[in-house]
Structures are given as C-alpha cells and as structure tokens.
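> Only the shape, not the letters, is given here:
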C-alpha cells in the first residue's frame, strides 16, 4: 500500500471511512462540506460499502496519462487477444479468464 493510503487509513482496516477522509481533509485545511465528502466517497466506492478500499483509492489517484500509455494498452490488449488475430472475441475472453 502507498504511504498516502496508509496516512488516510488511521485504524489500519484497509479501508478509508468517511470519518478518516474528513479528518485528513481538516488536517490539510481543505474547505469541503460533509455532503461533498460523502458524494466523493460514493462516486469512488464501486463495492458500495460506504468506504474506499485500496483498489478504489488507486483508481481515483493514478495519473491516467502515465498509466495508460500506448505500450501498456497494447500489452493489455494482447493479453486478451489470445489467438493474436488483432481482435478480442468471446472465445478470447473465455481463454483469458
């Protein structure tokens, strides 16, 4: 886990709660209403449990321009294009998974 996540996860549960995020925001002197914080968590909370896990946190904080460069996207595409024909078909997905 990143240091940023650890700093937010005060109770070391592997999840960032509303209270932990609010405390961090107050420490950093960021002006944000409770409703805004709740909305932010809700927008990022793919599991729907009201907290942010590490994966959700990473998804929100990665630099998409750096992460999704042509080389990496091609590598991911090739993982799913199992037969190497330049397309991803349902049989490719079946084999990949």
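Happy to help now that I have it. If you're wondering where the values come from, they're calculated on a predicted model, not measured in any experiment.

> got the phi/psi numbers for residue 15?
Backbone geometry at residue 15, expressed as degrees, to the nearest 10, gives phi -140, psi 150.

> What number of residues are in the vicinity of residue 73?
Residue 73 is flanked by 11 other residues according to other CB atoms under 10 Å. (Glycine included, C-beta is placed from N, CA and C.)

> What helices and strands are in contact with the helix or strand containing it?
Taking DSSP states H and E as the definition, one finds residue 73 inside helix 70-80. Packed against helix 70-80, as judged by 3 or more CB pairs under 8 Å, 6 or more residues apart in numbering; DSSP states H and E, are the following elements: helix 90-96.

> for the helix it packs on, the distance to its chain's centre please.
If you compare the mean C-alpha spot of helix 90-96 with that of the full chain, they lie 25 Å apart, counting by CA atoms, centre = their mean, to the nearest Å.

> Could you find the closest non-adjacent residue to residue 4?
The shortest distance from residue 4 to any residue that is not its chain neighbour, by CB to CB, 6 or more residues apart in numbering, is 7.2 Å, and that residue is residue 61.
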